[in-house]
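> need coordinates for the following:
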Amino acid sequence: MAQLWEDFKSSSPSEYQWLCRNKFVDAPVPPVMPQTAPVPPGIPQAASLPPGMPKPAPAAPGVSQSAPPNVESLLDTLAIALAEWERAGSIEKDEGKKARAAIYRALVRASFLDESWWNTPEGVAHSEDRLSAHRLLLQRLTSARQPGQSSPWLFTTNYDLAIEWAADSIDMNVINGFLGLHSRRFTPQSFDLGFRNVQAKGEAQFGSYNVYLAKLHGSLTWKEVSGQYYEIQATEAQEEIQTFVKGDTDKLAFTVLPSAAKYIQTVGFVLGELFRRYSEFLARPQSALLVSGYGFGDEHINRLLLSALLNPTFQLVVYLPEFSGLEDVSKLPTAAQKLLSLQSPRVTFVGGGGDAYFGSFVEHLPEPSIYNDDLRQLQERLKALDTATNPNEGGSS
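Residues are numbered from 1 along each chain as shown. As a prediction, the model looks like this:
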């Protein structure tokens, strides 16, 4: 989020200053300049220091920039102001729309990842190193499933296509709520379906053949057309997205939605359905949610997380690089502080900087292990056979 906000400030300085002037964000604190004592009369203003006297240390610079705001809350506040200015016919509405468009441009730029991935139907090569952690995540989550166990769920607030491209590169199916080939329309019943290998026997019964993906804030390739939501191919969407990013238009038709105001408009449909699935997942018996890369900036998600702990079999593991121990949690997000204050044995926080980043999180996931009665029986028989053959070795195999 900090990188996104810095990109917005550097690429749209006038819009950033407008937000500061109108109190939507905190204005930067000017640097603290060193104060010099008044020069006595008769002494030249530019007098040099006596020989041998060390030069004074430069004054410590002041804070020149404010902390990045919660973009979702900022856009909500801006939307309310724009509605009021529209009603009152205020001239500020035009500047407000420009500022809002500039924030969305920063969001889109941060989510675009690599322009070359959008220009060809091939997408991303399976050897692309930048998505290696995403591929490993998908492989470990799916290969460890037991027979009869449902496919894993992935919930994300990101708008990028990293998960989709990673899945494509390893021929994995992603069920994201859209059905169709050339016209993919949002159909929430698709979350109740799944893929299976009808010829699987023995060990091939283990694992799953798809993941469920719920993008809780929308996606760069979701588009609303006549009240229906469609998923557009990346190669088709990229031209319109680039037109918006370059500033040729202030309107983006694709569903990049970090605002609660827009969520209210779509309750019961796309985002409402996705949040319902998220809530249902948290309420399942023996469910576990592993959290990585989430900054606790969405109050709706935070409330659902806290409510999920009413489920006595729910387990929560949070990877948060800023967490360094229970001694001082004052700098952590408020929602994270609340979770820690519960001191629940079902809540685990992993911190320590780089040890809590996404790559480390994926590496910590267990390798798949296969357990069934036939395998255990085979192991026992091999052990018994080895004991009978080598009685002096104590049954080692």
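> please enumerate the helices of the stretch 51-200 of the chain.
Along the stretch 51-200 of the chain, counting by DSSP state H, counting those that start in this stretch, helices occupy 71-88, 92-112, 132-143, 162-169.
> what are the buried residues along the first one?
Same thing as helix 71-88. Going by neighbour count (16 or more other Cβ atoms under 10 Å), the buried part of helix 71-88 is V71, E72, L74, L75, D76, T77, L78, A79, A81, L82, W85. (Each C-beta comes from the backbone N, C-alpha and C, glycine too.)
> just give the closest residue to the last one, not the sequence neighbours.
On the basis of Cβ to Cβ, 6 or more residues apart in numbering, the spatially nearest residue to W85 that is not a chain neighbour turns out to be K93, at 3.9 Å.
> just give me the neighbour total for the one you found.
As a burial measure, K93 scores 17 neighbours (other Cβ atoms under 10 Å).
> against E86, how distant is it?
According to Cβ to Cβ, to the nearest Å, K93 stands 5 Å off from E86.
> and what of E322?
Taking Cβ to Cβ as the measure, E322 falls 39 Å from E86.
> same check on P13?
Applying Cβ to Cβ, the value for P13 to E86 is 25 Å.
> again, but for H126
49 Å.
> ranges for the helices of the stretch 251-397 of the chain?
Assigned by DSSP H, counting those that start in this stretch, the helices in the stretch 251-397 of the chain fall at 260-265, 270-283, 299-308, 334-341, 358-364, 373-389.
> neighbouring contacts of the second one?
In this structure, residues lying in contact with helix 270-283 by Cβ atoms under 8 Å, 6 or more residues apart in numbering are 153, 155, 177, 186, 188, 191, 212, 214-218, 222, 229, 255, 257, 262-263, 266, 287, 289, 300-301, 304-305, 307-308, 311, 314.
> of those residues, buried ones?
For the contacts of helix 270-283, a burial check counting by 16+ other Cβ under 10 Å picks out 153, 155, 177, 186, 188, 191, 212, 214-218, 222, 229, 255, 257, 262-263, 266, 287, 289, 301, 304-305, 308, 314.
> circling back to that earlier point, so can I have a markdown table of the helices of the stretch 51-200 of the chain showing distance to P366?
As requested, the helices of the stretch 51-200 of the chain are exported to a markdown table (distance: least, Cβ to Cβ, whole Å):
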| stretch | distance to P366 |
| --- | --- |
| helix 71-88 | 34 |
| helix 92-112 | 30 |
| helix 132-143 | 7 |
| helix 162-169 | 19 |
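> could you dump those helices to a markdown table with mean pLDDT?
A markdown table is the format used below for the helices of the stretch 51-200 of the chain (pLDDT from 0 to 100):
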| stretch | mean pLDDT |
| --- | --- |
| helix 71-88 | 89 |
| helix 92-112 | 93 |
| helix 132-143 | 93 |
| helix 162-169 | 95 |
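> out of those, nearest to F8?
Nearest of these to F8, taken as Cβ to Cβ: helix 92-112 at 3.9 Å.
> the lengthiest strand in the chain - contacts with which helices or strands?
Scanning the chain for the longest strand, with DSSP state E as the assignment, gives strand 218-225. Packed against strand 218-225 by the contact rule (3 or more Cβ pairs under 8 Å, 6 or more residues apart in numbering; DSSP states H and E) you find helix 92-112, strand 228-231, helix 234-245, strand 254-256, helix 270-283.
> tell me how many other residues crowd R284.
14.
> if I pick it, what's in contact with it?
Counting by Cβ under 8 Å, 6+ apart, R284 touches N311.
> do E15 as well
E15 sits next to F8, E95, K98, A99, A102, I103 when contact means Cβ under 8 Å, 6+ apart.
> what strand or helix carries it?
Using DSSP states H and E, E15 sits within helix 13-21.
> got the angle for that helix vs helix 92-112?
120 degrees (axes from the mean of the first three to the mean of the last three Cα atoms, to 10 degrees).
> how is L213 assigned, secondary-structure-wise?
For L213, the assignment made with DSSP: H, G, I helix; E, B strand; the rest coil gives strand.
> and the residue nearest to it when sequence neighbours are not counted, how far from I103?
Computed as Cβ to Cβ, 6+ apart, the closest residue to L213 that is not its neighbour in sequence is N176, at 4.4 Å. With distances taken as Cβ to Cβ, N176 is found 25 Å from I103.
> below-threshold pLDDT in the chain: ranges please.
Confidence mapping of the chain against pLDDT under 70 gives the ranges 29-66, 198-207, 256-268, 369-397.
> if anything else comes up later, I'll come back, but that's it for now.
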